[in-house]
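In: Based on what follows, work out the 3D shape:
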Amino acid sequence: MKPCARRPKVILVPYPAQGHVTPMLKLASTLHSHGFDPVLVTPEFIHHRISPAVDRMTAAGGIAIVPIPDGSGTGDGVPCDFFSVEKAMEDIMPAHLERLVGELDVADDGVALMVVDLLASFAIEVGNRCGVPTAGFWPAMLTTYKLVAAIPELVREGHISDSGIPQKESEVRQHPSLTTQDLPWLIGPVNARKARFRFWTRTLHRSASLRWLLVNSFPEEEDEAKIQCSRDYPTIVPIGPLTNPSPLTKNPSFWEEDTTCLTWLKNQEPHSVIYVSFGSWVSPIGCDKVASLALSLESTQRPFLWVLGPSWREGLPHGFLERVRSRGRVVSWAPQVEVLRDRVVGCYLTHCGWNSTVEAVQCGQRMLCWPVAGDQFVNCQYIVEAWRVGVRLGGFGEREVEDGVRRVMEDGEMGVRLAKLKERMMPAKASSRAVANMAGFVEDLKRMTEDDFL
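Out: Below you'll find the predicted structure:
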């Protein structure tokens with residue numbers, strides 16, 4: 001940065017998935033309101049997937065989106081799996097990001113800060129090499145971060161091996177409602193679990209150099225989380241939830257939304273519709289479970305709206321779409337907040353992603369939980385056990401689904417608890433603390449770079 005800087009730049013590096021880019025864009029907008037010019041850096045395969053709606057939103061909010069090569073060589077938005085994205089982040093993207101930081105830092109305004117999604121931790125090392133102050137960003141619950149931060153202790157106490165494999169199914173002392181089977185790297189076969197654990201330990205090692213960690217969690221969640229971090233840094237700064245379920249705004253989407261489902265909803269009875277969506281990144285549930293869930297939704301005799309990508313529709317039973325045409329709707333992608341805000345929706349069958357969880361609470365929707373991967377198991381525990389605003393499904397059989405729908409829709413006390421939780425997450429309770437936390441972070445940054453802000 002230069003002494004005469006007008007609006008210093010902030011470079012933001014999200015992990016390339018919808019649930020990570022969306023809150024990072026909201027953070028970029030907040031930083032813009034504090035006098036910074038945000039530059040969101042994305043790999044080419046994500047940049048070319050961003051819809052015109054995102055471009056319009058970022059242009060209006062003063063946010064620049066800059067792509068860097070990821071090695072795909074296509075730029076056509078072809079999805080990548082976790083390990084191919086990891087390889088691109090480790091082997092290809094660092095050099096390109098470092099070049100971009102250098103170019104932006106010699107511009108008139110300079111670079112005041114990098115904000116790095118911890119799942120894109122390669123960028124922390126780039127920030128350190130370039131001498132740019134770097135803050136971490138955690139897009140999920142604080143609780144999940146603290147589970148990751150507790151890895152050394154979990155190994156030392158014998159809960160997990162030094163390759164991350166549970167040695168026994170036991171409660172995690174750092175969070176008694178979770179067991180070693182709920183740890184976020186336990187996805188897929190053993191080799192995949194070990195590889196994901198190496199990813200997390202590398203992330204944890206790199207994050208030790210951070211001064212701050214901005215957490216996309218409502219401030220009261222910090223009070224509720226009984227886990228204690230043994231490390232002094234980074235300083236935890238709760239600034240969420242970075243969602244905005246307002247009729248005047250909408251979350252950006254990487255995919256074209258089928259808005260005709262909103263018209264279909266208008267023809268349904270209040271609180272009658274089962275909304276089903278398993279998110280955008282993790283393969284939802286597998287073809288066999290798609291078939292089972294389809295038959296169970298059909299047997300409930302209730303209206304439903306199901307978000308299911310074209311590649312997964314092959315798992316639908318023969319004739320299913322024709323049989324449920326009068327009361328069911330299957331779409332490739334839906335404007336989720338608008339759906340959840342509609343009073344005809346009676347419950348939400350969800351994978352328990354953090355953004356989806358917060359949106360459901362803020363829109364007053366009860367949840368049927370089927371966690372798939374990562375932090376979703378932690379979120380599910382909060383939804384079902386701590387907040388008691390949802391039910392975890394035991395399977396997709398007809399009896400399990402019907403029983404789960406009935407328990408969620410007919411529990412009057414659940415509605416009361418949900419209303420109270422919504423009050424805590426909505427601006428009246430959370431916003432003032434989140435705003436104060438963000439302002440304190442900016443002031444801390446300014447003190448660090450005091451001469452540059454003169």
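In: all contacts plus neighbour counts: C-alpha atoms, from now on.
Out: Will do.
In: What are the buried residues along stretch 287-303?
Out: 287, 289-298, 300, 303 (16 or more other CA atoms under 10 Å).
In: Same question for stretch 260-271.
Out: Here stretch 260-271 shows 261, 265, 268 as buried, counting by 16+ other CA under 10 Å.
In: Secondary structure, pLDDT and distance to Phe441 for the buried residues of stretch 287-303 - can I get that in CSV?
Out: Shown next, in CSV, are those (DSSP: H, G, I helix; E, B strand; the rest coil; pLDDT from 0 to 100; distance: CA to CA, whole Å):
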residue, secondary structure, pLDDT, distance to Phe441
Cys287, helix, 78, 46
Lys289, helix, 88, 45
Val290, helix, 90, 45
Ala291, helix, 92, 49
Ser292, helix, 94, 48
Leu293, helix, 95, 46
Ala294, helix, 95, 48
Leu295, helix, 95, 51
Ser296, helix, 96, 49
Leu297, helix, 96, 47
Glu298, helix, 95, 51
Thr300, helix, 94, 50
Pro303, coil, 97, 47
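In: ok, of those residues, which one's closest to Phe278?
Out: Closest approach to Phe278 among the buried residues of stretch 287-303 (CA to CA): Val290, at 11.2 Å.
In: what's the distance between the closest residue to the closest one other than its chain neighbours and Asp117?
Out: Among residues not flanking Val290 along the chain, Gly315 sits closest, at 5.6 Å (CA to CA, 6 or more residues apart in numbering). Distance of Gly315 to Asp117, given as CA to CA, to the nearest Å: 34 Å.
In: Just want to know which of the two has more residues nearby.
Out: Asp117 (26 against 16; other CA atoms under 10 Å).
In: For that one, give me phi and psi.
Out: Dihedral pair for Asp117: phi -60, psi 130, per degrees, to the nearest 10.
In: any idea how far Gly319 is from it?
Out: 44 Å.
In: And the strands in the stretch 1-150 of the chain?
Out: Remark: strands assigned in the stretch 1-150 of the chain by DSSP state E, counting those that start in this stretch are 9-13, 37-43, 64-68, 111-117, 134-138.
In: just the stretch 201-350 of the chain next, same as before
Out: Going by DSSP E, counting those that start in this stretch, the stretch 201-350 of the chain shows strands at 212-215, 235-238, 273-277, 304-307, 328-331, 345-350.
In: Redo those strands as TSV? Include distance to Glu443 and mean neighbour count.
Out: As requested, the strands of the stretch 201-350 of the chain are exported to TSV (distance: least, CA to CA, whole Å; neighbours: other CA atoms under 10 Å):
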stretch	distance to Glu443	mean neighbour count
strand 212-215	12	24
strand 235-238	13	21
strand 273-277	40	22
strand 304-307	43	22
strand 328-331	46	19
strand 345-350	38	25
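In: ok, of those, where does mean pLDDT dip lowest?
Out: When these are ranked by mean pLDDT, strand 235-238 comes last with a mean of 89.
In: For the stretch 301-450 of the chain, which residues score under the pLDDT cut-off?
Out: Per-residue confidence for the stretch 301-450 of the chain (pLDDT under 70) gives these ranges: 426-431, 449-450.
In: can you give me the helices in the stretch 251-400 of the chain?
Out: 260-265, 287-300, 320-323, 336-341, 354-362, 376-381, 398-410 (DSSP state H, counting those that start in this stretch).
In: Which one of these lies nearest to Val10?
Out: Nearest of these (CA to CA): helix 354-362, 23.3 Å.
In: Next, the angle from the closest one to strand 273-277.
Out: Orientation check (axes from the mean of the first three to the mean of the last three CA atoms, to 10 degrees): helix 354-362 against strand 273-277 gives 160 degrees.
In: which stretch among the strands of the stretch 201-350 of the chain comes nearest Thr30?
Out: Per CA to CA, nearest to Thr30 of the strands of the stretch 201-350 of the chain: strand 212-215, 12.4 Å.
In: Could you list every helix and strand in contact with the closest one?
Out: Using 3 or more CA pairs under 8 Å, 6 or more residues apart in numbering; DSSP states H and E, the elements in contact with strand 212-215 are strand 134-138, strand 235-238.
In: now those in TSV, with distance to Phe396?
Out: Listed next are the helices and strands packed on strand 212-215 as TSV, based on distance: least, CA to CA, whole Å:
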stretch	distance to Phe396
strand 134-138	32
strand 235-238	36
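In: Nearest to Leu242, out of the helices of the stretch 251-400 of the chain?
Out: helix 354-362 (8.4 Å).
In: Let me know the angle separating the closest one from strand 345-350.
Out: 160 degrees.
In: roughly how far is helix 354-362 from the heart of the chain?
Out: 10 Å (CA atoms, centre = their mean, to the nearest Å).
In: Can you list the neighbours in contact with that helix?
Out: 19, 139-141, 241, 243, 245, 337, 340, 348, 350, 366-367, 375-376, 379, 418, 421-422, 425-426 (CA atoms under 8 Å, 6 or more residues apart in numbering).
In: PyMOL command for the buried members of the residues you listed?
Out: Applying 16+ other CA under 10 Å to the contacts of helix 354-362 leaves a buried subset, and the PyMOL line that selects it is:
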select buried, resi 19+139+140+141+241+243+245+337+340+348+350+366+367+375+376+379+418+421+422+425+426
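In: how about the residue lying closest to Leu265 once chain neighbours are set aside, what does it touch?
Out: The shortest distance from Leu265 to any non-neighbouring residue, by CA to CA, 6+ apart, is to Val344 (6.8 Å). Val344 sits next to 265-266, 268-273 when contact means CA under 8 Å, 6+ apart.
In: In JSON lines, list those along with distance to Thr357.
Out: Listed next are the contacts of Val344 as JSON lines, based on distance: CA to CA, whole Å:
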{"residue": "Leu265", "distance to Thr357": "21"}
{"residue": "Lys266", "distance to Thr357": "24"}
{"residue": "Gln268", "distance to Thr357": "24"}
{"residue": "Glu269", "distance to Thr357": "24"}
{"residue": "Pro270", "distance to Thr357": "21"}
{"residue": "His271", "distance to Thr357": "18"}
{"residue": "Ser272", "distance to Thr357": "20"}
{"residue": "Val273", "distance to Thr357": "18"}
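In: List just the nearest of the residues you listed to His159.
Out: Closest to His159, out of all of those and judged by CA to CA, is Val273, at 42.2 Å.
In: Please name the nearest non-neighbouring residue to that closest one.
Out: Skipping the residues right next to it in sequence, Val273 comes nearest to Val345 by CA to CA, 6+ apart, at 4.5 Å.
In: Quickly list what the residue nearest to Pro38 when sequence neighbours are not counted is bridged to.
Out: Distances taken as CA to CA, 6+ apart place Val10 nearest to Pro38, at 4.8 Å, with adjacent residues excluded. Beta-bridge pairing for Val10 (DSSP bridges): Pro38, Leu113.
In: Run through the residues that contact Val10.
Out: 31, 36-39, 111-115.
In: Name the nearest of these relative to Phe396.
Out: When those are compared against Phe396 (criterion: CA to CA), the nearest one is Val115, at 40.1 Å.
In: Cool, thanks, talk later.
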